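**Q** With the sequence up front, the predicted model follows.
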Amino acid sequence: MVVTLVRDRYRVDLAGLQAVCESNYARLLRLLPAMRDGASERRVALSQGERLVGVLVLEVLENCPYTSTLRVRQEYALPWLPSPQMEVRVYHDARMAEVTGAENARRFRSIYPYPNAAMHQPDEKSQLNLFLGEWLSHCLACGHELAPVL
């Protein structure tokens, strides 16, 4: 007797994804309140005790009446850990922010067949938005304004 396991097909939790995107918008607004005022940039230092472990850089790439595009990246990270970099589209009218690009990938689909040539996870888009939320929450909890060097 041969037993085959059939995995349930992944389904997008649209309400959950929207909640994450709404939370990310609120976090980004706290970190970069002037993002709608034009091209701007903010650097937030992340330290562990007295030691600087990284700098979160938020920069506005594009501003339109209802949307903004941001680049979120980390500088001065640990040498053994790749520095994350994401492109985030902010929808001001809907009060949502979603990841549209990470590293060298852009425009993620909601669902990927698995396995696939690019080795994306079936829920890659959801995972990236959750990661952005956790990263921004960490920066809000542990970050401080980077003082300019005189």
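**A** Sure thing, it's come through. Residues are numbered from 1 along each chain as shown.

**Q** who's the closest residue in space to G38 that isn't next to it in sequence bridged to?
**A** The shortest distance from G38 to any residue that is not its chain neighbour, by CB to CB, 6 or more residues apart in numbering, is 6.1 Å, and that residue is N63. Backbone N, C-alpha and C define where each C-beta goes, glycine included. Here N63 shows beta-bridge partners S68, assigned using DSSP bridges.

**Q** can you tell me how far N63 sits from L56?
**A** According to CB to CB, to the nearest Å, N63 and L56 sit 20 Å apart.

**Q** Who has more neighbours out of those two?
**A** Neighbour comparison, N63 and L56: the larger count goes to L56, with 22 against 17 (by other CB atoms under 10 Å).

**Q** what about the residue positioned nearest the centre of the chain, which SS state?
**A** The structure's the chain has its C-alpha centroid closest to L132; by CA atoms, centre = their mean the separation is 3.0 Å. The assignment at L132 comes out as helix when based on DSSP: H, G, I helix; E, B strand; the rest coil.
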